[in-house]
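> Curious how this folds, go ahead:
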Amino acid sequence: MDRNHENGTEGTDGTATGDREGLARRFEVDRGHLRAVAYRMLGSLSEAEDAVQEAWFKLNRSDVGAVENLSGWLTTVVGRVCLDMLRSRGSRREDPLEYYVPDPVVRVAGPTDPEHAAEVTESVGLALLVVLETLGPAERLAFVLHDMFAVSFDEIARIVDRTPAATRQLASRARRRVQDAAPATGPDARRQREIADAFLAASHGGDFEGLLAVLDPDVVLRADGGRTLAAVSQVVRGAEAVIAQALTYAKFRTASLPVEVNGAPAYLSVRDGRPGALMAFTIVGDRIVALQILADPERLATLPLTEEELARATY
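The predicted model follows:
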């Protein structure tokens, strides 16, 4: 064992590696970053937390006294844990991927503070997460770690047990698929909210032309009802088909709460004080190009919203 580590002195990155309390504090500094890595890898908030916790266990079992960059070491540990989780998930997944809506990061819409502004800047949209779900585990790891978090191909290669050149090819293939499928950057937040508001008003009012004005001709609606409401799960393509769906459900109008999902405008329908369905918008230009609807009661029940926040829903 390294003598500095054994004596509880500082490691090469300035961390008191022999001090469990100091190491715990150091880990907390990186927790948000590690959670962001795991969320992009897994698209699941609960699994992301599990991956981060596993990284903590790994840190406690390891001698990191000679580690020069503890943040980088932890990032690769989380990447390896997520890769194993993705491979395990692929062998046991039962729900159709076509209908799957990744776990949303939900915030009640309101004044934007500097901390929230930073969160939005660093957020990843549901539409991109849907595309990431179509990648193979190794492709997803290479793309997420390199393109989103600037991890070198040499480091990633050691995780996926390939050469750096082969790892570069993994990321390149993933990047092409993401660029082909993921939407471009939308307008500013205020304009996006105006377009989402216009959709909701036109939907509630049965306004076909109003809906047509805000929907991209090739808009895709993805609804995920989970195991409980499997019959609700579907993918609807094209503006007219989406409008038909919107007008059909308009008669079941419920109270709506404006929220943000992964930094983008969304609405949460509220029934009897409980979340009924979450609709998130992906907007490019002045048109809605994707609608992600989470209607899974099990996952909706886990949304971090208070009774007071849900009571703000209006018709």
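> Look up the pLDDT of Gly11 for me, please.
Listed pLDDT for Gly11 reads 45.
> now do Leu303
94.
> shouldn't it be in contact with Ala277?
No. In terms of C-beta atoms under 8 Å, Leu303 does not count as a neighbour of Ala277; the distance is 11.3 Å. (Each C-beta comes from the backbone N, C-alpha and C, glycine too.)
> Now for those two: what residues contact both?
Taking C-beta atoms under 8 Å, 6 or more residues apart in numbering as the contact rule, the neighbours common to Leu303 and Ala277 are Leu268.
> Compare neighbour counts for these two and give me the winner.
Legend: neighbour count by other C-beta atoms under 10 Å for Leu303 and Ala277, higher for Ala277 (23 against 18).
> Can you tell me the strand partners of the helix or strand where that one lies and which way each runs?
For Ala277, the host element (DSSP states H and E) is strand 274-284. Strand pairing for strand 274-284, determined by DSSP bridges: strand 264-271 (antiparallel), strand 287-294 (antiparallel).
> can you give me the helices for this protein?
Taking DSSP state H, the helices of the chain run over residues 3-7, 20-42, 45-61, 70-92, 114-122, 126-133, 137-143, 153-160, 164-181, 189-204, 208-214, 239-250, 297-300, 307-310.
> And the residue nearest the centre of the chain?
In the chain, the centroid-proximal residue (C-alpha atoms, centre = their mean) is Gly43; its distance is 4.9 Å.
> Show the contacting residues for the residue nearest to that residue when sequence neighbours are not counted.
Leaving aside its sequence neighbours, Gly43 sits nearest to Pro102 (C-beta to C-beta, 6 or more residues apart in numbering; 3.5 Å). With contact taken as C-beta under 8 Å, 6+ apart, Pro102 is in contact with 43-44, 126, 129-130, 133.
> can you check Val214 too?
Contacts for Val214 (C-beta under 8 Å, 6+ apart) come out as 195, 198-199, 202, 286-288.
> what do you get if the cut-off is 7 Å, keeping everything else the same?
The contact partners of Val214, by C-beta atoms under 7 Å, 6 or more residues apart in numbering, come to 195, 198-199, 287-288.
> and of those, the nearest to Ala213?
Of all those, Ala213 sits closest to Ala198, with 7.5 Å by C-beta to C-beta.
> Relative to Asp50, how far out is the closest one?
According to C-beta to C-beta, to the nearest Å, Ala198 and Asp50 sit 40 Å apart.
> Equivalent analysis for Leu132, please.
Counting by C-beta to C-beta, the separation of Leu132 from Asp50 is 18 Å.
> likewise Leu291?
Taken as C-beta to C-beta, the span from Leu291 to Asp50 is 29 Å.
> Which one's more surrounded, those two?
Leu291 (24 against 16).
> for that one, what are its contacts?
Listed by C-beta under 7 Å, 6+ apart, the contact set of Leu291 reads 219, 221, 242, 279, 281.
> hmm, try it at 8 Å
219-222, 242, 279-282.
> Which single one of these is nearest to Leu211?
For those, the nearest to Leu211 is Val242 (7.8 Å; C-beta to C-beta).
> contacting residues for the closest one?
Contacts for Val242 (C-beta under 8 Å, 6+ apart) come out as 211, 215, 219, 221, 236, 291.
> May I ask which two of those residues are separated the most?
Farthest pair in the contacts of Val242 (C-beta to C-beta) is Leu211 and Val236. Separation: 13.0 Å.
> In terms of neighbours, single out the busier of the two.
Per other C-beta under 10 Å, whichever of Leu211 and Val236 has more neighbours is Leu211, with 24 against 18.
> thinking that one is in contact with Ala201, fair?
No. Using C-beta under 8 Å as the test, Leu211 is too far from Ala201 to be in contact (9.7 Å).
> Find the residues that touch each one of those two.
Counting by C-beta under 8 Å, 6+ apart, Leu211 and Ala201 have no contacts in common.
> Go through the strands paired with strand 274-284 and name the closest to Leu86.
Comparing the strands paired with strand 274-284 by their distance to Leu86 (C-beta to C-beta), the top pick is strand 287-294, with 20.6 Å.
> Now do that closest one and helix 239-250, the angle between them.
Counting by axes from the mean of the first three to the mean of the last three C-alpha atoms, to 10 degrees, strand 287-294 lies at 50 degrees to helix 239-250.
> How far does strand 287-294 sit from its chain's centre?
Mean-position distance between strand 287-294 and its chain equals 15 Å (C-alpha atoms, centre = their mean, to the nearest Å).
> likewise stretch 285-293?
Mean C-alpha position of stretch 285-293 versus that of the full chain (C-alpha atoms, centre = their mean) differs by 17 Å.
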